[in-house]
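> Here is a sequence together with a model predicted from it:
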Amino acid sequence: MKSSPPSPFASYLWACFGTLLLVAAAFMLYVWTEKRIDHANELRYTSHNLIEELRQSSDDLTRMARTYVATGEAQYRKNYQEIVDIREGRAARPKNYENVYWDLVMANDRRPRQGELTAPLMQLMREAHFAPEELALLAAAKNESDKLIGLETTAMDLRAGGGDVVQATAMLHDAVYHRAKADIMRPIGEVSESVDRRTRLLVEETSLDANVARIAFMVSSVVLVLLVWRTKRQLNASLGCSVDQLRAAMEKLGRGDFSVALQASAQAQDSIWGWLVHTQQSLARLDAERSAALERTQRVSRLYSALSQCNQAIVRSHSEAELFERICRDVVCYGGMAMAWIGLIDKEHGRIVVAASFGGGVEYLDQLEVSLDAGTPEGRGPIGLSYRSGQPYWCQDYQHAPETAYWHAHGARYGWSSSAAIPLRRDGEIIGFFAPYSSALNAFDQEVRELLLEMTLDIEFALKNFDREAIRQQADQRVQYLAHYDVLTGLPNRSQLHERARQLVEQARSKRTPMALMMLDLDHFKDINDSLGHTVGDALLSELALRLTGCLRDGDMVARLGGDEFIFVLPDVSSSEASDVARQLLEMAGQSYTVGPHDLKVSASIGIAMYPDDGADVETLLQRADAAMYQVKRAGRHDFRFFTAAMQQRAARHLQLVNALRYAVERDQLRVVYQPQVSLKSGRVVGAEALLRWSTPELGAVSPVEFIPAAEESGLIIPIGEWVLRQAVRQARVWLDAGLPPLVMAVNLSAIQFRSADLPSRVAQILYEEGLPPEYLELELTEGVALQDPQGAINTMTQLHDRGIRMSIDDFGTGFSSLSHLKKFKVYKLKIDQSFVRDISTDAEDKAIVSAIINMARSLGLTTIAEGVETVEQLDFLREQLCDEIQGYHFSKPLLPEAFRALLEKE
Ligand SMILES: Nc1nc2c(ncn2[C@@H]2O[C@@H]3COP(=O)(O)O[C@H]4[C@@H](O)[C@H](n5cnc6c(=O)[nH]c(N)nc65)O[C@@H]4COP(=O)(O)O[C@H]3[C@H]2O)c(=O)[nH]1
């Protein structure tokens, strides 16, 4: 890899480093040369000292010798010898020996301080690097000195030996002596000059070297300073600023402080400062992005928290208003919005009505004007736009966006910078808006939008739930209502009756007051329903309920048990007061009703039970009032009766019969017997009346007179009647097939059966299934069938007639049949009731009636048959009156099929 060339700063730095080494070398050289100067000076000094010592020692010897000779004091001789020993290296050189020895020893007769160096003077000179010629001269001087020492020793010996002092003194002062002395001093002087010259030269040489080294040191130092200066300039150029500035900036960067933007001049662009500025800008941008991302994350996480709170609000709110309040509060408190409100559409005025709000500036909503009309400025805002597009509207700069111009002042006042209008829907239709406001610009980024939309969906879900809950509550209320009230009349129903009646009974018990419970039932109301339809029947019942309610005092109650049955509970009434009320009720019920085109009249029957005489609880009283009413019905209806003990027995019997009758067919307890009908003309059996028999192990044989009404009242007559019809038709077919003379099978048809709309088709179906031609069947109808709905009866009869089926009127004379009706009825036979026949032989009135019926029938072209003919007298009278047929014990009792067949076969 090719390395990049070193930067100028690095080059300068290396140069500085090299120069620094040079400076150090120059300095060391300089120090060395200075040391050499010192050494040279020291050598010069030492050399001078040694020469001087030689000279001095010679002088000192002379002086000591002369003094000794002069004084004779041994001390001087001793000193003399010591000087010689020192010079020869036999004695240590005293300290400060360079001074005059005389001075050293003579002062106070002190001995010189002992030094450490013990070396011959000549050796010291050699060690002081004396030149060889100098040493040679010194050696010569030394020889001369040694010679002189001999002379001086001689002179001193002379003195010591007591010799001639003068001679001795002369020896030391004469010319020889001086000559010898001069021979010593001359070489010393030469050496001294030589040494001085030599050492001076050495000192000069070394001084020169030192100067050179000094100059080198100075020059290199200057160069170093220049280089350092240049390096610093280069460093500054590289940095682009001062180090302090750089350090302060980097410290700020290190702390993550990007508050002050750094600037770099154009020249500093390609410098560390420039790069630092660039880095700071990048870091500041990254920091801003990071802060923005953080802020966004916080905003989103706040909204997530708000979303979670909203979900809790949805779960916990019990009403729409409560939910809206909570949503607005949560969006502000948890979602970081400045304000939020929810407005609902006022369709009538095309405006938005604030339903809930929370946050700063909500007071502005008091006079808020938001319209849905694009023609007004307040209709062209976010909400109006959202309404028309059906989409959420995000306004990212509330204070400057043109669509919020109408509200800019408010936005500026409350610091709103963004707002949204999100439609709230119910069943797909926009019903209002959710409007959050933020103090941040561009607050609604994608993620925030998604969160708010999710929140809105949750709100819509909650609204749906509220709707469902409302429906459920309504349904609950309805169920509650239905559980206690009758829908048609609005009166309390059976369960409410029981509850309320029980309270009234308790009240009567505690107050010891009497109470009446009445049961009212319309007479033949079923006929109205069957003939005019239930709508008419219902309208009549509603009207009746109103009338009945109007008859009551405060504290009385009336309930509808179902159908046309009403119960009255009258607290604190005597039986006579109850009678009055009953009469009043009968009268009210009996007044005519106008229902649509119909003018209707009904009557009612009322049974009354008194507390406490007839029962101490509601159930008993109800049962007994029912029994009393049953008796009214049996007694001809349209009346009221109080309960009696006998009624109770009858009612119980009735119940017993109905219960047993339910299983009569399946338990094979029913039989059909046939009573012959005989033609008075031919005397032959021309017909048979099918009569039902019922016998159970518990009840024994029960008379049809007793159980047929019970079957009719319980509705059981329909299946039982059909069973009888099928048995009779089948029997007729059997006899026909057996080759017996053809006869007409007469079957009793209850009025209830007759009112079945499908009667003609059912009868035809049975005939078809059993294979009996219709002309062999005769349906015996009572007069009552036409009583309620003559037109309906006529229609049914016509249909039966058209199918070839014969009809006769049973028990004729007991009902209210009119001739005009008879004309329209497609009957062919009248059956004279046995109550008239019974006494025709004795009772003139009955005779007249029977005679009239026969004549009338004949005039209408109808056949007559008299039933209950038991005696010859009766038979004769009937024959006399030209009655066509008879039926009765006189001829035969009702017979089982086998007996009947035997009878026929006998003929
Ligand atoms: N004392 C006396 N009675 C005689 C004499 N001849 C016939 N009877 C009785 O008179 C009744 C004649 O029938 P009804 O008038 O249709 O009166 C019938 C009829 O209305 C009804 N009934 C009987 N069977 C049926 C039936 O299958 N369907 C319907 N809807 N009613 C029936 O029950 C009523 C009574 O029926 P039963 O007890 O069978 O009574 C029968 C019969 O046994 C007589 O000479 N003297």
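That came through fine. Numbering: from 1, shown residues only.
> Any stretches of the stretch 651-800 of the chain with poor pLDDT?
786-789 (pLDDT under 70).
> Get me the contact residues on it for the ligand.
675, 690-692, 703-705, 708, 721, 724, 748-750, 780 (Cβ under 6 Å from any ligand atom). All C-beta atoms are positioned from the backbone trio N, CA, C, and that covers glycine.
> Closest one of those residues to Asn211?
When these are compared for distance to Asn211 (Cβ to Cβ), Gly721 wins out at 162.9 Å.
> Met856 in helix, strand or coil?
Following DSSP: H, G, I helix; E, B strand; the rest coil, Met856 is assigned to helix.
> how much space between it and Gln669?
Using Cβ to Cβ, to the nearest Å, we find Met856 at a distance of 41 Å from Gln669.
> More neighbours: the two, which one.
Remark: of Met856 and Gln669, Gln669 carries more neighbours, 18 against 15, as counted by other Cβ atoms under 10 Å.
> what sits against the more buried one?
Going by Cβ atoms under 8 Å, 6 or more residues apart in numbering, Gln669 touches 663, 694-696.
> Quickly note the distance from it to Thr696.
From Gln669 to Thr696 the distance is 5 Å (Cβ to Cβ).
> Ok, Ala645 next?
From Ala645 over to Thr696 the distance is 26 Å, taken as Cβ to Cβ.
> Are there residues contacting both of Gln669 and Thr696? Which ones?
Shared contacts of Gln669 and Thr696 (Cβ under 8 Å, 6+ apart): none.
> rewinding a little: are any of the contacts of Gln669 buried, and which?
694, 696 (16 or more other Cβ atoms under 10 Å).
> what would the contacts of Gln669 look like in CSV with distance to Leu570 and secondary structure?
Output for these, formatted as CSV (distance: Cβ to Cβ, whole Å; DSSP: H, G, I helix; E, B strand; the rest coil):
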residue, distance to Leu570, secondary structure
Tyr663, 39, coil
Trp694, 40, strand
Ser695, 44, strand
Thr696, 40, strand
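> Check the contacts of Gln669 and tell me the two furthest apart.
Top of the distance list for the contacts of Gln669 (Cβ to Cβ): Tyr663 and Ser695, 13.1 Å.
> Out of the helices and strands in this structure, which is least certain?
helix 819-824 (a mean of 67; mean pLDDT, DSSP states H and E).
> from what I can see Ser242 touches Asn236, true?
Yes - at 6.9 Å, Ser242 counts as touching Asn236 under the criterion of Cβ atoms under 8 Å.
> And Gly562, its phi and psi?
phi 130, psi 160 (degrees, to the nearest 10).
> who's in contact with it?
486, 493-494.
> Looking at the residues you listed, which is nearest Met797?
Distance to Met797 across the contacts of Gly562 (Cβ to Cβ) is lowest for Asp486, with 36.1 Å.
> What pLDDT is listed against that closest one?
In the predicted model, Asp486 carries a pLDDT score of 90.
> you'd agree it is up against Asp564?
No - in terms of Cβ under 8 Å, Asp486 does not count as a neighbour of Asp564; the distance is 11.8 Å.
> The residue nearest to Val869 when sequence neighbours are not counted and Glu870: what is the separation?
Nearest residue to Val869 in three dimensions, chain neighbours excluded: Gly888, at 3.2 Å (Cβ to Cβ, 6 or more residues apart in numbering). Distance of Gly888 to Glu870, computed by Cβ to Cβ: 5 Å.
> Can you read off the backbone torsions of the residue of the chain most remote from its centre?
For the chain, the largest distance from the centre (Cα atoms, centre = their mean) belongs to Asp164, which lies 149.0 Å off. Dihedral pair for Asp164: phi -80, psi 120, per degrees, to the nearest 10.
> How about Ala589?
Ala589 adopts backbone torsions of phi -70, psi -30, taken as degrees, to the nearest 10.
> pLDDT score assigned to the residue nearest the centre of the chain?
In the chain, the residue lying closest to the centroid (Cα atoms, centre = their mean) is Asn311, at 3.1 Å. Note on Asn311: pLDDT of 81.
> Could you list the contact residues of this structure toward the ligand?
Within the chain, the residues that sit near the ligand (Cβ under 6 Å from any ligand atom) are 675, 690-692, 703-705, 708, 721, 724, 748-750, 780, 810-811, 834, 867-870, 887-889, 894.
> mind listing which of those residues are in helices?
If you go by DSSP state H, the residues of the chain next to the ligand have 704-705, 708, 721, 724, 834 in helices.
> and which of those is nearest Ala131?
Gly721 (180.7 Å).
> Looking from the ligand, tell me which residue of the stretch 251-400 of the chain is nearest.
The minimum distance from the stretch 251-400 of the chain to the ligand, using Cβ to the nearest ligand atom, falls at His318 (61.8 Å).
> mind checking the SS state of that residue?
Applying three-state DSSP: His318 is coil.
> most surrounded residue in the contacts of Gly562?
Result: Asp486 is most packed of the contacts of Gly562 (other Cβ under 10 Å), 21 neighbours.
> list the contacts for that residue?
Contact partners of Asp486, counting by Cβ under 8 Å, 6+ apart, are 492-493, 559-560, 562.
> Recalculate using a threshold of 7 Å.
By Cβ atoms under 7 Å, 6 or more residues apart in numbering, the residues touching Asp486 are 493, 560.
> Could you pull up phi and psi at it?
Phi and psi for Asp486, reported as degrees, to the nearest 10, are phi -90, psi 130.
> do you know how far it is from Leu570?
19 Å.
> what's around Arg388, how many residues?
Using other Cβ under 10 Å, Arg388 has 13 neighbouring residues.
> Over to the one 3 residues further on?
Under the neighbour criterion other Cβ under 10 Å, Gln391 is assigned a count of 12.
> could you say which helix or strand contains the residue nearest to it when sequence neighbours are not counted?
Nearest non-adjacent residue to Gln391, counting by Cβ to Cβ, 6+ apart: Pro423, 7.6 Å away. Using DSSP states H and E, Pro423 sits in strand 418-426.
> Please name the strands paired to that strand in the sheet, noting orientation.
Strand 418-426 has these partner strands in its sheet, going by DSSP bridges: strand 393-395 (antiparallel), strand 429-438 (antiparallel).
> Those strands into JSON lines, with extra columns for mean neighbour count and mean pLDDT?
Formatted as JSON lines, the strands paired with strand 418-426 follow (neighbours: other Cβ atoms under 10 Å; pLDDT from 0 to 100):
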{"stretch": "strand 393-395", "mean neighbour count": "22", "mean pLDDT": "95"}
{"stretch": "strand 429-438", "mean neighbour count": "22", "mean pLDDT": "94"}
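> right, so of these, which gets closest to Trp32?
Nearest of the strands paired with strand 418-426 to Trp32, taken as Cβ to Cβ: strand 429-438 at 83.8 Å.
> Just the buried positions in the helix or strand following that closest one, please.
Using DSSP H and E, the helix or strand that follows strand 429-438 in sequence is helix 446-484. For helix 446-484, burial by neighbour count (16+ other Cβ under 10 Å) applies to 448, 451-452, 455-456, 458-460, 462-463, 466, 484.
> for helix 446-484, packing partners?
helix 272-316, helix 320-333, strand 418-426, strand 429-438, helix 494-511 (3 or more Cβ pairs under 7 Å, 6 or more residues apart in numbering; DSSP states H and E).
> Kindly calculate the angle that that helix makes with helix 272-316.
Helix 446-484 and helix 272-316 are oriented at 0 degrees to each other (axes from the mean of the first three to the mean of the last three Cα atoms, to 10 degrees).
> roughly how far is helix 446-484 from the heart of the chain?
Its chain's C-alpha centre and that of helix 446-484 lie 15 Å apart, by Cα atoms, centre = their mean, to the nearest Å.
> Next: stretch 888-905.
87 Å.
> Between the two ends of it, how far is it?
Stretch 888-905 stretches 19 Å from its first residue to its last (Cα to Cα, to the nearest Å).
> Kindly report the same for stretch 79-97.
End residues of stretch 79-97 are separated by 13 Å (Cα to Cα).
> Which positions within it qualify as buried?
Quick answer for stretch 79-97 (16+ other Cβ under 10 Å): 79-84, 86-87, 89, 91-94, 97.
> Fine by me, thanks again.
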